[in-house]
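Enquirer: Whatever this is, show me its structure:
(chains A, B and C)
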Amino acid sequence: MKLLEVRHMTVAFKTQQGVVQAVRGIDFSVERGEILGIVGESGSGKSVAMLSLMGLLADNGRLLSGEIAFDGEDISPPSRVGGQTGLSLRARVCGALAHRRARRVHRERMRTLRGREAAMIFQDPMTYLNPVLRIGTQMTEGLRLHKKCSRREAYETALSLLRQVGITSPEQRMRQYPFELSGGMRQRIIVAIALSCGPKLLIADEPTTALDVTVQAQLLDLIRTMTRESRTSVVMITHDLGIVATMCDRIAIMYAGEIVEEGRTDEIFYAPMHPYTVGLLGSIANTERSVRQALAPIPGTPPDLLHLTGGCAFAPRCAEAMNICLSYRPEPTDRSRTQRCRCWKYCKSAAQEIIIRQQKGFSTS
Amino acid sequence: MDLKTLFLPLDVSQKNDEFIAMESKSFAKDVWQRFCRNRRALFGFVLLSCIVLLAVFGAMASPYTYDGQDTAIRNLPPHAQHWFGTDKFGRDIFTRVLYGVRMSLLIGFVSTAVNFLVGLVYGGVAGYCGGYADMLMMRVCDILYAIPAMLYIILIMLIFGSHVGSILIGICLSGWVGVARIVRAQVLSLKEREYALAAYVLGSSRRRIFFKHLLANSMGALLVTVTLMIPQAIFMEAFLSFIGIGISAPMASLGTLAQDAKTYFQVYPTQILFPIGMICLIIFSLSFISKGLEEAFDPRNRR
Amino acid sequence: MAAPILEVAHLCKYFDAGRAVSGETKKLKAVEDVSFAISPGETMGLVGESGCGKSTLGRTIVRIHDPTAGRILYKGEDITRRKNKHLLPVRRSMQMIFQDPYASLDPRCTVGDILAEPMAIHRLYTKRERASRVQALLETVGLKPDHIRRYPHEFSGGQRQRISIARTLALDPEFIVCDEPISALDVSIQAQIINLLERIQDERGLSYLFIAHDLGMVRHISHKIGVMYLGHMMEYGQTADVYDNPYHPYTKALLSAVPVPDPKTARAKQRIVLKGEVFTPIDPPACCLFANRCPHVMARCRRTEPPVCHVAGRRVACHLYTPDFLALRRNGENPIFTDPPDWRADIPV
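Expert: Numbers count the residues shown, from 1 in each chain, chains lettered A, B, ... in the order given. Okay, the predicted model is just below:
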């Protein structure tokens, strides 16, 4: 059984300009003990997808649809009852009340889930650490809440965790405030806090973007060793292909709110399918490459999610775009048991069916 | 449908990969549109416009004057001829309130305009020069700010007499300090913005950077404070008049009206309600406008 | 070889960092004794971690900051102490691209105004010529003519960065300081900008000082490279040499820590994981500033500042490469330090 399985997740944000579909029907799953990398540019919906998974969306965002199964348990948010006409007022009021109750139950469930079974680390350690509380207080808080440890036990656990993440003189650090520590140290403490309750899933949202290269290497090593030991699954959100190449078992590439390709790391790097993946790989320079190779960037700019047309979002920038790409959305095609991609190049034979289905008005997404 | 043509390569002209879907708008237009979309702000704006129009033209159209006494109709309650009733000398309160509003708005707008200009220049120079000049100029501000404004306003009123001019001088003497501080803070932070640095590296003179880039960009925050300064000045005048050292009789201001009506408050409560209500309306509308401007200028609301 | 277009000698830039309890002013040494030269048509890369002073160095060269000590020679002219008024001709040919494309364009100006501004400042060309040059500039950076009336916030990050590149090109410069021009951009856009910069360089024979922390891109674009650490230039040499065989222990650690976007190489790669925390640049100790994190630290590293050593066409600020130390090493004939042999015993410190 997979640890996490997400199907048809759609997230929308209400803005002054209109409704933005930040995530448009994504499916993915995470195996136990696996590190999944989610790669995408800013605005591709990679962070939003993970935030809505954890029930941490901003007020103007809504998880419109999606089934989420975590460790065999269905944790999808209750769907709104509505659309049924002809119901009596009483039935409608009862329905609305039941929906509110279900949402409250779901919120409670998500609250216990966060921290205990699934933890998340963010890009900026200062947004996660409270600046006016000592490190010790913040480290023991989760332990005492979720594990019901005594003060003494929690303190001891926190000390040993600090030692595990390679922080010198942990007793002294426990008494310090976040601003007294360097960025790398703060991020290591956050990893320690995140892993303190022994979660089954760790979501790392660009954990090293704010850090320097040498510190980044330290932190990535730390995340890898600590999760390997406890067989914790990791979802690593990043835009750095170097990080996914070093860390991840599997990779999902996101573009404009869709997963355009997913596969094992080697498949993505050595046999990419989607033109966007090919373009990304052509856009990066490698320190190990001795011959100066010309970069082959993707032309144009990422699409404005407010003004998406019906077809493939990548079509305007795609060198291999076809007429069909502008008007119909491609559907996932499997190449192997692990690799699949959304591109018309690979689903020509199924085109007729897909077009008919989309014209009828229900897309599979 | 023909699958064959669908799978032909896309024509280059259809790609348009540098396409910008957004409508092009200037900053001012964008702010104005967002201001208008804010219902509360728009309400404040319309209300204030009505009050201003009424104060300017209403007083002219009124058959009564602010000092025309008629002892036969003293202390009348509101009725068809005298909408707000009459006071103890038989003067029409509606006309007097309109003149009072005129006076309050005059003081509010003129003093704010003066404070705005002085503060802009002073704060701009201090912020842009920086260093010792800035230090010195800001200490002068601190000193001015440290003296209680009421003290020298009363002194000025005693020396120059109680009329509009001396109230204006009193309010403007230290009112600009607040504006100067905000301008300075804005300029100091904008000066380090990369577009200011870019202009500097391009060879722009300091004056050009200041006028072309810094001033225009600090205007947003400034307008918000300035709209909040108008009610302050109106309050100040009303307060001075209320304690009896502001505008002197027979001229009307909202403060003097309230002061006059104060003694008969328990017998003729309507006489005091109208001037106070007017002050409230003016201040409500101004703070709605200010809030609306703040939201419209907030860069987070832009995309 | 042609005369260098820019020469920087022993440049220092200190900032005041408040007063200590004793009453002495504390100094933040952002740039300390940095020297290098850039030839026409050449790109020099400048890498280092955040806070190492690489941006300050760039800004000091274009004289946003006044240097504390040292000399800056631009085309043979000393511009170190020149007043802003007299810098105008230099400013025409020395330009800068900033990091944040969202902050480097004035939000109140249209793209047309932004691109015409440099010409207006220097009072060049007639109005009509300016307009046609603006069109040409837009075309150079791949934007459409009708973008001229749009405002910066309507563009994406990559488009904005292209606008700011176009602005620097308005005066036909010969030398551009690129201060992290790609670090705020998405991966696919970064390559666009790099290709654009390279194309412009080929067409116009420009020189760049390319400041970045993306080591892959720096390797790609630059001919020479300087590695900075806490204000000091730790290593300076030809890019290929430095990347293939770094001398300085810091350069080694830095290069080994870069995640390689190639799973097979990444798995095989040996990482040097540094321990310890970075010194503060405020009143730093008079010793090697890397001493507390260096895997090869010796007693003298903690006592004296390392001199700048010239080894095989490179400059390295490290005690491991001082002539006396090299002579002391067993394989003295091979100056290239590859792996630490058991040399600690040899050195009487």
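Enquirer: burial count for the residue in the stretch 151-300 of chain A that chain B sits nearest to?
Expert: As assessed by CB to the nearest CB, chain B sits closest to A:Gly300 within the stretch 151-300 of chain A, at 2.6 Å. In this view, the C-beta of every residue, glycine as well, is placed from N, C-alpha and C. By the criterion of other CB atoms under 10 Å in any protein chain shown, A:Gly300 has 22 neighbours.
Enquirer: And it, how far from A:Leu281?
Expert: As judged by CB to CB, to the nearest Å, A:Gly300 and A:Leu281 stand 17 Å apart.
Enquirer: A:Ala194 too?
Expert: 31 Å.
Enquirer: So for those two, which sits in the more crowded spot?
Expert: A:Ala194 (24 against 17).
Enquirer: before we move on, which element is that one in?
Expert: A:Ala194 belongs to helix A:183-196 when assigned by DSSP states H and E.
Enquirer: Kindly report the same for B:Gly178.
Expert: Assigned by DSSP H and E, B:Gly178 belongs to helix B:164-191.
Enquirer: Quick check: next helix or strand after that helix?
Expert: Per DSSP H and E, helix B:164-191 leads on to helix B:194-201 as the next helix or strand towards the C-terminus.
Enquirer: helices or strands next to that next one in the packing?
Expert: Here helix B:194-201 touches strand C:94-97, going by 3 or more CB pairs under 8 Å, 6 or more residues apart in numbering or on different chains; DSSP states H and E.
Enquirer: Direction included, what does the strand it packs on pair against?
Expert: strand C:175-179 (parallel) (DSSP bridges).
Enquirer: any idea which helix or strand comes after the partner strand?
Expert: Next along the chain after strand C:175-179, taking DSSP H and E as the criterion, comes helix C:187-204.
Enquirer: pLDDT of that following helix, averaged?
Expert: Helix C:187-204 carries an average pLDDT of 90.
Enquirer: How about stretch C:308-324?
Expert: For stretch C:308-324, the mean per-residue pLDDT is 86.
Enquirer: which of the residues in stretch B:127-134 are buried?
Expert: B:Gly127, B:Tyr128, B:Asp134 (16 or more other CB atoms under 10 Å in any protein chain shown).
Enquirer: Format the residues you listed as CSV; extra columns: secondary structure.
Expert: Output for the buried residues of stretch B:127-134, formatted as CSV (DSSP: H, G, I helix; E, B strand; the rest coil):
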residue, secondary structure
B:Gly127, helix
B:Tyr128, helix
B:Asp134, helix
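Enquirer: Relative to chain C, which of these is nearest.
Expert: For the buried residues of stretch B:127-134, the minimum distance to chain C (CB to the nearest CB) is 13.8 Å, reached by B:Tyr128.
Enquirer: Show me how far stretch B:83-99 is from its chain's centre.
Expert: Stretch B:83-99 has its C-alpha centroid displaced from the chain centroid by 27 Å (CA atoms, centre = their mean, to the nearest Å).
Enquirer: can I have it written out in CSV, keeping just the CAs?
Expert: Provided in CSV are the C-alpha atoms of stretch B:83-99 (Å, rounded to 0.1, in the frame of the first residue of the first chain):
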residue,chain,number,x,y,z
TRP,B,83,-34.3,73.1,8.5
PHE,B,84,-32.1,72.9,11.6
GLY,B,85,-34.0,75.5,13.6
THR,B,86,-32.7,78.8,15.0
ASP,B,87,-30.4,79.7,17.8
LYS,B,88,-30.8,82.0,20.8
PHE,B,89,-30.4,85.1,18.5
GLY,B,90,-32.9,83.7,16.0
ARG,B,91,-30.1,83.0,13.4
ASP,B,92,-30.7,80.1,11.0
ILE,B,93,-28.7,77.2,12.2
PHE,B,94,-28.6,75.4,8.9
THR,B,95,-26.9,78.4,7.2
ARG,B,96,-24.5,78.8,10.2
VAL,B,97,-23.6,75.1,10.0
LEU,B,98,-22.9,75.4,6.3
TYR,B,99,-20.6,78.4,7.0
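Enquirer: Name the helix or strand for residue 242, please.
Expert: Assuming you mean chain A. Applying DSSP H and E as the criterion places A:Gly242 in helix A:241-247.
Enquirer: oops, I was thinking of chain C
Expert: Element membership of C:Val242, judged by DSSP H and E, is helix C:239-244.
Enquirer: name the helices or strands packed onto the following helix or strand past that helix?
Expert: From helix C:239-244 onward toward the C-terminus, using DSSP H and E, the following helix or strand is helix C:249-257. When contacts are defined as 3+ CB pairs under 8 Å, 6+ apart, helix C:249-257 sits against helix A:213-230, strand C:224-229, strand C:232-238.
Enquirer: Pick out the shakiest of those, pLDDT-wise.
Expert: Averaged per stretch, pLDDT over these is lowest on helix A:213-230, reaching a mean of 85.
Enquirer: got the contact list for that helix?
Expert: Outside helix A:213-230, the residues within contact range by CB atoms under 8 Å, 6 or more residues apart in numbering or on different chains are A:33, A:35, A:164-166, A:183-184, A:187-188, A:191, A:195, A:198, A:202, A:204, A:207-208, A:211, A:232-234, A:243, A:246-247, C:49, C:213, C:215, C:253-254, C:256-259, C:271, C:273-274.
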